[in-house]
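J.: model the structure of this input:
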Amino acid sequence: MRQPAAKWLLPLALVWIAMLPPRAAFTAEAGGTILLGVDATDVQRRIFRVSQSIPARAGRFELHYPQWLPGKHAARGTIEQLAGLRFRVNGKDIPWRRDPLDVFRFVLELPAGTRQLDVEFQVATPQASDAGRIVITPDMLNLQWEQVLLYPAGQRVRDIPVQATLRLPEGWKHASALRAAPGAAADANPAVFGTVPLEVLVDSPLFAGRHFRQVDLTPAGSPPVVLNIVADNPADLAITAAQTAIHRALVREVYAALGPPRYDRYDFLLALSESLGGVGLEHHRSSENSQGTAYFRSWDEAVTDRDLLAHEFTHSWNGKYRRPARLWTPHYNTPMQGDLLWVYEGMTQYYGLVLAVRAGLVPGEVMREEFAAVAATFAARRPGREWRALEDTTFQPIVTPRRPLSWVSWQRTEDYYMEGALLWLDVDTRLAELTQGRRSLDDFSRTFFAQPASQGWVSTYELADVARALNAVAPFEWERWLRERTTGLNQPLLEGVERAGFRVEYSTEPNKAIADVEKSARRTDLGYSLGVVISRDAVLTEVVWDSPAFKAGLATNTTLIAVNGRAYSAEQIKRAITEAAAGGPPVELIVKHQDRYRTVTLDYRGGLRYPHLVPVAGRPDGLATLFAPRAVAAAR
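T.: Numbers count the residues shown, from 1 in each chain. Modelled structure (predicted):
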């Protein structure tokens, strides 16, 4: 049952007040407030111009440029974009040097009488995607505050007060979880924001654009929830009443599953763009999200991408408020450890999929096919599970910054997302089995995410805390089981699917979720037959280890020229696979790798294969129960 407004608002207000340290306390420790000014008007050259005034004293003074950022799971500070750095005291330039063993640290010697250090620099953001993510276009920008500041070394970021101002191109509007300073107009340019701890500033990114729209998603009795949209073109902002209702339903479904929010306001930041770099990044009171320009206009296309907002919204509870202990650090230049990312991201991935169906963002029949594809991928297209455990994939963000891998099926990538989702399906269905259907993962979540904060506005946890909360729902050897499942090799991963009443089978009938991705990404997925994925440009982007294609000597970055004597096309290669299965000639390819051409014959007669979930006779449909909306039932 949904609580009346009066019962929600007082506890929420108290939670938010508790999150922010008293002004006097953090001002005294930090020595005063940092003033940060950002000029973002140079959108044609994609340059942020930054000025800072930092309270400082005479003697050795060290500053950090942020390196380890929450939600990025690796040292991804964009220090390579910093340029034109100058320091001044009382108008005089101060020499600086970089720590040779820590290039994110700057060392200065400040003269006697210093009270304030003035800093100027520019952030030369990427001009092309091969240099990094595009964050400024002629029509919009995405400002992540950690890119445009330095901060005193050796202090907790929650103890450093910052007051920021931002100048935008004329006529642009912005959205952020930050609020305007007392007495400042919300739509002023430059925008003047209230003083907040550095921890809050960095957790409050900003979207701004020429074409801007806000949509209220606030449920009755809830803190405000707003969908803020920027787009390449004004026509892309046209959200219908039905689409608005679905996004409002998402908020209600998340509350029903995870419990009351831990924020005073939430802002979805959504960019509909083919020019701005893609993003899906969580924050406590907001999230950065991007979709194609046709997100609203072509609602029936790219359906499987529509779990993004559900995923990032869930993170406000899982990952931002409750966080693995070693992913919380006192400042942004302490290394983070992600060994529990299979909880932080894996459970969030699971909830993102499930809640997208409950809200109506994704049709249930498509999500069934999505679960079939995920299950089949890890059962048949991840032989790397033989040597690399799920927990070890949580270190992948540090191992490589999401660059393409030559043999992703064998090397493994950030599998804690999708294999983690299968793990939490197993947990959810196991809870239901242990309690004869009376309890579910939602019961765990509403308790687990309500624990009191332990570090500022964050409540940290260890594996033992997860196991303890699960045991409170349904007694079981949870800690032992979770440890085995995440650290063991080739662990069972289809038990959740089977407990939900299904098994994975293959047929020539296309999988709806795979077909949706093929259409939106303009690629051809033959991963369950030949063992390849082919781009729109006829290039192999994946070759599954030990697949027929692998055994024939094919590798990624190979271009397909011809199939059985005819020019390559998706239709032609599918036809060749089907004919080979019916006793026709084998699939023969002419391929090009760099400047070499060769002919390759694939010994494969299994035909086209796509995974589907097939009901197990005599078992109830657990997915129907799982996908059923909760908010409607709670309101009765």
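J.: so where's this structure uncertain?
T.: Where the chain drops to pLDDT under 70, the residues are 1-31, 632-636.
J.: try it again at 80.
T.: For the chain, applying pLDDT under 80 flags the ranges 1-31, 401, 632-636.
J.: okay, now the domains of it?
T.: The record's domain parsing of the chain by automatic domain parsing lists 31-208, 324-502+618-635, 512-610.
J.: so what's the gap between stretch 587-601 and the chain middle?
T.: The chain centroid and the centroid of stretch 587-601 are separated by 38 Å under Cα atoms, centre = their mean, to the nearest Å.
J.: ends of that stretch, how far apart?
T.: 6 Å (Cα to Cα, to the nearest Å).
J.: name the residues of that stretch that are buried.
T.: Within stretch 587-601, the residues scored as buried using 16 or more other Cβ atoms under 10 Å are 587, 589, 590, 591. Backbone N, C-alpha and C define where each C-beta goes, glycine included.
J.: which one, of the domains of the chain, ends up nearest to residue 257?
T.: With distances scored as Cβ to Cβ, the stretch of the domains of the chain nearest to residue 257 is domain 324-502+618-635 (4.7 Å).
J.: so where does residue 121 fall, helix or strand?
T.: Here residue 121 sits within strand 116-124, counting by DSSP states H and E.
J.: hang on, the earlier thing: now the domains of the chain as a markdown table including distance to residue 270?
T.: Listed next are the domains of the chain as a markdown table, based on distance: least, Cβ to Cβ, whole Å:
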| stretch | distance to residue 270 |
| --- | --- |
| domain 31-208 | 8 |
| domain 324-502+618-635 | 13 |
| domain 512-610 | 17 |
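J.: to residue 232, which of these lies closest?
T.: domain 31-208 (5.7 Å).
J.: make JSON lines from the buried residues of stretch 587-601 and add distance to residue 614 and secondary structure to it.
T.: Formatted as JSON lines, the buried residues of stretch 587-601 follow (distance: Cβ to Cβ, whole Å; DSSP: H, G, I helix; E, B strand; the rest coil):
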{"residue": "587", "distance to residue 614": "28", "secondary structure": "strand"}
{"residue": "589", "distance to residue 614": "32", "secondary structure": "strand"}
{"residue": "590", "distance to residue 614": "38", "secondary structure": "strand"}
{"residue": "591", "distance to residue 614": "36", "secondary structure": "strand"}
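J.: possible to save those residues as TSV with distance to residue 212?
T.: Output for those, formatted as TSV (distance: Cβ to Cβ, whole Å):
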residue	distance to residue 212
587	51
589	49
590	51
591	48
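J.: circling back to that earlier point, what comes into contact with the strand holding residue 121?
T.: For strand 116-124, contacts defined as Cβ atoms under 8 Å, 6 or more residues apart in numbering pick out 46-56, 61, 63, 78, 81-89, 94, 108, 110, 147-148, 150.
J.: partners of it in the sheet?
T.: strand 47-55 (antiparallel), strand 82-89 (antiparallel) (DSSP bridges).
J.: what's the closest of the ones you listed to residue 524?
T.: Across those, residue 524 has its closest neighbour in strand 47-55 (40.2 Å, Cβ to Cβ).
J.: give me the next element, helix or strand, following the closest one.
T.: Per DSSP H and E, the first helix or strand lying C-terminal to strand 47-55 is strand 59-64.
J.: run me through the strand neighbours of that following strand, direction for each.
T.: As defined by DSSP bridges, the strand partners of strand 59-64 come to strand 102-110 (antiparallel), strand 151-152 (antiparallel).
J.: buried set for the helix or strand that the shortest one is followed by?
T.: Past strand 151-152, further along toward the C-terminus, the next helix or strand under DSSP H and E is strand 161-167. Taking 16+ other Cβ under 10 Å as the basis for neighbour counts, the residues of strand 161-167 that come out buried are 161, 162, 163, 164, 165, 166.
J.: which one among those gets closest to residue 289?
T.: Proximity of those to residue 289, judged by Cβ to Cβ, is greatest for residue 166, which lies at 20.4 Å.
J.: surely the closest one and residue 40 touch.
T.: Yes: the pair residue 166 and residue 40 qualifies as a contact (Cβ atoms under 8 Å) at a distance of 6.3 Å.
J.: now do the shared contacts for the two.
T.: residue 143.
J.: pick the most deeply packed of the strands paired with strand 59-64.
T.: Greatest average neighbour count among those goes to strand 151-152 (a mean of 22), per mean count of other Cβ atoms under 10 Å.
J.: now do that strand: distance to the chain's middle.
T.: Taking Cα atoms, centre = their mean, one finds strand 151-152 lying 27 Å from the centre of the chain it belongs to.
J.: before we move on, what about stretch 132-145?
T.: The answer for stretch 132-145 is 17 Å, by Cα atoms, centre = their mean.
J.: sort out which residues of it are buried, please.
T.: Within stretch 132-145, the residues scored as buried using 16+ other Cβ under 10 Å are 132, 134, 135, 136, 137, 139, 140, 141, 142, 143, 144, 145.
J.: farthest-apart pair in those residues, please.
T.: Across the buried residues of stretch 132-145 (Cβ to Cβ), the longest gap, 21.2 Å, separates 139 and 145.
J.: helices and strands around the helix or strand containing residue 470, which ones?
T.: For residue 470, the host element (DSSP H and E) is helix 463-473. For helix 463-473, the helices and strands in contact under the criterion 3 or more Cβ pairs under 8 Å, 6 or more residues apart in numbering; DSSP states H and E are helix 418-434, helix 441-448, helix 478-487.
J.: may I see those helices arranged in JSON lines, with mean neighbour count as well?
T.: JSON lines is the format used below for these (neighbours: other Cβ atoms under 10 Å):
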{"stretch": "helix 418-434", "mean neighbour count": "23"}
{"stretch": "helix 441-448", "mean neighbour count": "20"}
{"stretch": "helix 478-487", "mean neighbour count": "16"}
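J.: count the neighbours of residue 390 for me.
T.: If you count neighbours by other Cβ atoms under 10 Å, residue 390 ends up with 25.
J.: close enough to count as contact, it and residue 413?
T.: No: Residue 390 is beyond contact range of residue 413, at 11.9 Å (criterion: Cβ under 8 Å).
J.: what are the boundaries of the helices in the stretch 201-350 of the chain?
T.: Remark: helices assigned in the stretch 201-350 of the chain by DSSP state H, counting those that start in this stretch are 241-258, 308-314, 341-344, 346-359.
J.: which stretch among those comes nearest residue 559?
T.: Closest approach to residue 559 among the helices of the stretch 201-350 of the chain (Cβ to Cβ): helix 308-314, 31.4 Å.
J.: surely residue 36 touches residue 151?
T.: No: using Cβ under 8 Å as the test, residue 36 is too far from residue 151 to be in contact (9.7 Å).
J.: about what we covered before: output the helices and strands packed on helix 463-473 in JSON lines, with distance to residue 214 appended to each entry.
T.: Output for the helices and strands packed on helix 463-473, formatted as JSON lines (distance: least, Cβ to Cβ, whole Å):
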{"stretch": "helix 418-434", "distance to residue 214": "32"}
{"stretch": "helix 441-448", "distance to residue 214": "29"}
{"stretch": "helix 478-487", "distance to residue 214": "41"}
